[in-house]
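1. what follows is a protein structure lacking sequence information:
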Ligand code: GDP
Ligand code: IMO
Ligand code: MG
């Protein structure tokens, strides 16, 4: 598998980090291609739980090169803190990290703008992660952004950064006190950006060299397809493209270079932040799944909304991404629930056009039609053999496979690197 994309098929937090870390054992490089510090990818190695935000998850493997693609947005201060905290755990990171010089930087002004916008939206707020992601992409597409390669010429960089700071102070009419805090953050931002230029390279060239010398790469997606600004539940989405097609754009490789697209789905559904969620469980069962699955955000700590598996949406996102196979994660969380439901179709509101398949706010008007399957009592956490799974657990997986239309090759049964079943 010289070039494999790993992509989330729901609203993020599907367990991509765990899968990337697992698959990274035999690759030369892992390249993050979307998002920024809004992501939280948890990896469990030797009993240690590590959440990665901007760094590719494969970096916890000793000889893997980490790459950050051009379409990501990079917070240089948060990245430096992340590198330091992971290096304290005994992993060497800085000397194995290559960042695209074209990546747009998350200027501190972006966070100020985002937080004030979210407060102004009130009940209509998106429920963002507060990491300045949206305003950074807005500036990028207004052609007023600031990129890592700009920091190679510090005088020009500092001028650009000052313009962004002044724009923000004026636009938000910040008080002298807030303007002072922003300027302090900007000083740190400027310093860290200039320092990180040492890690900047043409990632397209780096990847092309790996692939032409018979090496292999994993392209690690962030967020999930239902948070994609084009294909997701707009406007309750993130701002960077996060479907598999974005990997080629971000990493600067042609589509013909891709061999496999691995879709990652949870055995149920979660979403953090606002927006439609047809199969949401708002009662005690939703709470039970949240507790059993430890469903609290790896970035913000917010409780995740939980619900039944939505095969209509998983079928849609498997198609969007061209998945060649999928992996079902967190199957162990469902142990002990007597009956499990899977949404197999929607009862459509007469006003909604089936052929159009709207994924905007009207998605929330769909009424799910469920298939009820018997659950299993056995604790399957850490199980590594398909045949050792209870029959009802196997049937649950097979039903998802049938409805999503893509082969389920692997099943994750726990957060640790080794907790995985490969189906024969
Ligand atoms: P990501 O954003 O897609 O990488 O996912 P997150 O790390 O945000 O959330 C997934 C959570 O589930 C993390 O706490 C993981 O440690 C955990 N996890 C991953 N796979 C499994 C699994 O198969 N079973 C259990 N119980 N936890 C898992
Ligand atoms: P990983 O990579 C889950 C959600 C936010 C919010 C919306 C917009 O860990 O799967 P943003 O800060 O991006 O402007 O927020 O997107 N969101 C995520 N939800 N997992 C993520 O990443 C997410 N990244 C963004 O909660 O609803
Ligand atoms: Mg996450």
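-> Received, thanks. Predicted model only: the values in this text are computed from it and were never measured. Ligands and ions are numbered 1, 2, ... in the order given.

2. SS state for the closest residue to residue 275 other than its chain neighbours?
-> Distances taken as C-beta to C-beta, 6 or more residues apart in numbering place residue 236 nearest to residue 275, at 2.6 Å, with adjacent residues excluded. (Glycine included, C-beta is placed from N, CA and C.) Assigned with DSSP: H, G, I helix; E, B strand; the rest coil, residue 236 falls in the coil class.

3. repeat for residue 262
-> Applying three-state DSSP: residue 262 is strand.

4. and the gap between residue 350 and ligand 3?
-> 37 Å (C-beta to the ion, to the nearest Å).

5. count of neighbours near that residue?
-> 5 (other C-beta atoms under 10 Å).

6. what pLDDT does it get?
-> Predicted confidence (pLDDT) for residue 350: 78.

7. so it, which of the three states?
-> Per three-state DSSP, residue 350 ends up coil.

8. which residues in the stretch 151-300 of the chain form helices?
-> 154-171, 176-196, 203-212, 245-251, 284-292 (DSSP state H, counting those that start in this stretch).

9. could you say which helix or strand contains residue 116?
-> helix 108-121 (DSSP states H and E).

10. buried residues of that helix, list them for me.
-> 108-114, 118 (16 or more other C-beta atoms under 10 Å).

11. wait, does stretch 375-390 make contact with ligand 1?
-> No. Applying C-beta under 6 Å from any ligand atom, one finds stretch 375-390 out of contact with ligand 1, separated by at least 6.5 Å.

12. distance of the nearest residue to residue 194 once chain neighbours are set aside relative to residue 189?
-> Leaving aside its sequence neighbours, residue 194 sits nearest to residue 151 (C-beta to C-beta, 6+ apart; 4.8 Å). Separation of residue 151 from residue 189 (C-beta to C-beta, to the nearest Å) stands at 10 Å.

13. got any residues that touch both of the two?
-> residue 105 (C-beta atoms under 8 Å, 6 or more residues apart in numbering).

14. quick one: low-confidence parts of the protein?
-> Scanning the chain for pLDDT under 70 picks out 1.

15. got the residues of it near ligand 1?
-> 8, 12-18, 40-42, 44, 294, 298, 329-330, 332-333, 412-415, 419.

16. kindly give a single PyMOL line that selects the buried subset of these.
-> Selection of buried members from those for PyMOL, criterion 16+ other C-beta under 10 Å:
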select buried, resi 8+12+13+14+15+16+17+18+40+41+42+44+298+329+330+332+333+412+413+414+415+419
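
17. could you pull out the strands for the stretch 1-150 of the chain?
-> Using DSSP state E, counting those that start in this stretch, the strands assigned to the stretch 1-150 of the chain run over residues 3-8, 29-32, 41-45, 48-52, 65-68, 73-74, 97-100, 104-105.

18. that older thread, so what's the residue nearest to residue 275 up against?
-> 126-127, 273-276, 361.

19. got those as TSV, with distance to ligand 2 and neighbour count columns?
-> Below are the contacts of residue 236 laid out as TSV (distance: C-beta to the nearest ligand atom, whole Å; neighbours: other C-beta atoms under 10 Å):
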residue	distance to ligand 2	neighbour count
126	5	18
127	5	15
273	2	21
274	6	17
275	6	22
276	11	18
361	14	13
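
20. go through these and name the one nearest ligand 3.
-> residue 273 (11.9 Å; C-beta to the ion).

21. who's the residue lying closest to residue 339 once chain neighbours are set aside bridged to?
-> Leaving aside its chain neighbours, residue 339 sits nearest to residue 372 (5.3 Å; criterion: C-beta to C-beta, 6+ apart). In this structure, residue 372 bridges to residue 341 when assessed by DSSP bridges.

22. quick one: residue 372 from residue 57, how far?
-> Taking C-beta to C-beta, one finds residue 372 at 35 Å from residue 57.

23. for those two, indicate the residue with more neighbours.
-> residue 57 (30 against 10).

24. what residues are up against the more buried one?
-> Counting by C-beta under 8 Å, 6+ apart, residue 57 makes contact with 16-18, 20-21, 24, 30, 41, 43, 220.

25. what is the most widely separated pair among these?
-> Between any two of these, the greatest separation by C-beta to C-beta is 13.2 Å, found for 18 and 30.

26. any idea how the chain splits into domains?
-> 3-102+199-261, 104-196, 265-422 (automatic domain parsing).

27. report the distance from the longest one to the chain centre.
-> This points to domain 3-102+199-261. Offset of domain 3-102+199-261 from its chain centre (C-alpha atoms, centre = their mean, to the nearest Å): 9 Å.

28. likewise for the last one?
-> Here the centre of domain 265-422 is set off from its chain's centre by 16 Å, with C-alpha atoms, centre = their mean.

29. next, the distance between the ends of it.
-> Domain 265-422 has an end-to-end distance of 15 Å (C-alpha to C-alpha, to the nearest Å).

30. and the shortest one, by the same measure?
-> Taking C-alpha to C-alpha, the first and last residues of domain 104-196 lie 13 Å apart.

31. how about it, does it get close to ligand 3?
-> No. Domain 104-196 stays clear of ligand 3 (C-beta under 5 Å from the ion), getting no nearer than 10.0 Å.

32. measure the nearest residue to residue 379 once chain neighbours are set aside to residue 289 for me?
-> Leaving aside its sequence neighbours, residue 379 sits nearest to residue 335 (C-beta to C-beta, 6+ apart; 5.5 Å). Using C-beta to C-beta, residue 335 is found at 11 Å from residue 289.
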